[in-house]
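**Q** The following block contains a protein sequence and its predicted model.
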Amino acid sequence: MVAGEEDQARPFPAQSEMTGQVQSGGTAAVREAHRFDEAALARWMEAHVAGFAGPLTVEQFKGGQSNPTYKLITPAKSYVMRRKPPGKLLPGAHAVEREVKVLTALERVNFPVAHVYGLCTDESVIGTWFYVMDMVEGRIFWDATIPDVSRAERAALYDAMNETIARLHTTDYAAIGLGDFGKPGNYFARQIGRWSKQYLDDTEAGRDPNLDKLAEWLPAHTPAGDETTLVHGDFRIDNMIFHPTEPRILAVIDWELATLGHPLADFSYHLMTYRLPPLVIAGLVGADLAALNIPSEDAYVAAYCHRTGRDRIDHLDFYIAYNLFRLGAIIHGIKGRMLRGTAASPNAREMVAALPVIAELGWQQAARSR
């Protein structure tokens, strides 16, 4: 199995970045389970990070990234470290080396990502593989309505997101060294099969009638045709760091789910914000888009099509139904872990409470598609 596919198909930790509209900005003391030898890390940084000068202070970002993420503070500047979590891991999961590969490849073509200083695969340093990158300072918006900016800037911020995802999907992934980053082709069939299996295999979590119907309906209605591009896998407004004062993106973050896949799976996941209330991801349902000066869904789709050379997107409702099924399957897995007492996220109960709404919305998209 290709590593990127395994990352996307594995059972997500309860604290996965994909779930929970949790405002995980800010840091706190390093959690007991995620402590490590900070002096050993400082020695590694002295040898591998140009310009590093201690003393080093370590804090952990709040929220529950599936790869623990730390702020590394020195008198001159701050850095970010992401590591594999300690303990026994599923094969192919928490592949920080894949994050490094995609970040360094995209930086070479000036795509907005943080600069990576180095990857450490020597577990004797802090106990697991890790990498260190720049700390990008800017704004993260947790509310899709972006309430605290001007009307003019709000439209510009949405246009910046649209331009960035279009640019990602038109990047020649083979030319930047990512030709082996996933398996090209047949993406929807493979992903629907894997998410269906994950959903159906977790019998302890019970069944949702709308997820049952989607598991049956989706493979029978997958549109013909195929495309392969680099995809982010979790492209949403709170996974972007915007310039402190300008409507532009300084860095797209959380590349754990990146792989080669269908661009319309990636874009329609991003577009789900137009069809979701503000539940487990930032949603716009119920917002007055015209008053806010946020582009309509049709206008946003048209801008993406213009930038990617498409006339239109056929079967958009199918693609959104697929993504809502995918999201529902993730939350269903969290429900199973919660019932078994292994859901680590403090937001697990809130996520699980949203599952019937997510599943029903997914089936509504399927009905629209028909």
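**A** The structure has been received and is ready for your questions.

**Q** Report pLDDT for the nearest residue to Glu204 once chain neighbours are set aside.
**A** Once flanking residues are discounted, Glu204 sits nearest to Gly336: 5.1 Å by C-beta to C-beta, 6 or more residues apart in numbering. The way it works is simple: take the backbone N, C-alpha and C, and place the C-beta from them, glycine included. According to the prediction, Gly336 has pLDDT 87.

**Q** Check which helices and strands the helix or strand that contains Gly336 sits against.
**A** Per DSSP states H and E: Gly336 is located in helix 316-340. Secondary-structure packing of helix 316-340 (3 or more C-beta pairs under 8 Å, 6 or more residues apart in numbering; DSSP states H and E): helix 187-201, helix 209-220, helix 263-271, helix 348-353, helix 355-369.

**Q** That helix versus helix 209-220: what angle between them?
**A** Going by axes from the mean of the first three to the mean of the last three C-alpha atoms, to 10 degrees, helix 316-340 is angled at 130 degrees with respect to helix 209-220.

**Q** can you pull out the helices in this protein?
**A** 3-9, 38-48, 96-107, 151-169, 187-201, 209-220, 263-271, 289-292, 297-308, 316-340, 348-353, 355-369 (DSSP state H).

**Q** These: which one's closest to Lys62?
**A** Lys62 lies closest to helix 348-353 among the helices of the chain, at 15.9 Å (C-beta to C-beta).

**Q** Just send the helices and strands packed on helix 316-340 back as a markdown table, with mean neighbour count too.
**A** Formatted as a markdown table, the helices and strands packed on helix 316-340 follow (neighbours: other C-beta atoms under 10 Å):
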| stretch | mean neighbour count |
| --- | --- |
| helix 187-201 | 18 |
| helix 209-220 | 18 |
| helix 263-271 | 24 |
| helix 348-353 | 18 |
| helix 355-369 | 19 |
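
**Q** Looking at the ones you listed, which is nearest to Thr229?
**A** The nearest among these, by C-beta to C-beta, is helix 263-271 at 4.4 Å.

**Q** Can you name every helix or strand that the closest one contacts?
**A** Judged by 3+ C-beta pairs under 8 Å, 6+ apart, helix 263-271 is in contact with helix 151-169, helix 187-201, strand 229-231, helix 297-308, helix 316-340.

**Q** Which one of these lies nearest to Arg31?
**A** Among these, the nearest to Arg31 by C-beta to C-beta is helix 316-340 (18.4 Å).

**Q** what angle sits between that closest one and helix 187-201?
**A** In terms of direction (the same axes, to 10 degrees), helix 316-340 departs from helix 187-201 by 30 degrees.

**Q** Buried residues in helix 316-340, which are they?
**A** 316-338 (16 or more other C-beta atoms under 10 Å).

**Q** out of the helices of the chain, nearest to Pro247?
**A** helix 151-169 (3.5 Å).

**Q** now that closest one, how far from the centre of its chain.
**A** The gap between where helix 151-169 is centred and where its chain is centred comes out at 17 Å by C-alpha atoms, centre = their mean, to the nearest Å.

**Q** now swap in stretch 51-64 and tell me
**A** 23 Å.

**Q** May I have it exported as CSV, CA atoms only?
**A** Once non-C-alpha atoms are left out, stretch 51-64 reads as follows in CSV (Å, rounded to 0.1, in the frame of the first residue of the first chain):
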residue,chain,number,x,y,z
GLY,A,51,21.7,30.1,13.1
PHE,A,52,20.4,28.2,16.1
ALA,A,53,21.5,29.6,19.5
GLY,A,54,20.1,28.6,22.8
PRO,A,55,18.9,28.6,25.5
LEU,A,56,15.9,26.6,24.3
THR,A,57,12.5,26.7,25.9
VAL,A,58,9.9,24.1,24.7
GLU,A,59,6.1,24.6,24.8
GLN,A,60,3.4,22.4,23.3
PHE,A,61,0.6,23.7,21.0
LYS,A,62,-2.8,23.2,22.4
GLY,A,63,-5.4,21.1,20.7
GLY,A,64,-4.6,17.5,19.8
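
**Q** State the mean pLDDT of it.
**A** 87.

**Q** show me where pLDDT drops low in this protein?
**A** Low-confidence segments of the chain, defined by pLDDT under 70: 1-25, 63-66, 88-93, 342-346.

**Q** which residue is nearest the middle of it?
**A** Asp234 (2.6 Å; C-alpha atoms, centre = their mean).

**Q** returning to what we had before: of all the helices and strands packed on helix 263-271, which one is nearest Val58?
**A** Comparing those by their distance to Val58 (C-beta to C-beta), the top pick is helix 316-340, with 28.4 Å.

**Q** and that closest one, how far out from the chain's middle?
**A** The answer for helix 316-340 is 14 Å, by C-alpha atoms, centre = their mean.

**Q** could you check the angle helix 263-271 makes with it?
**A** With the same axes, to 10 degrees defining the directions, helix 316-340 sits at 70 degrees from helix 263-271.
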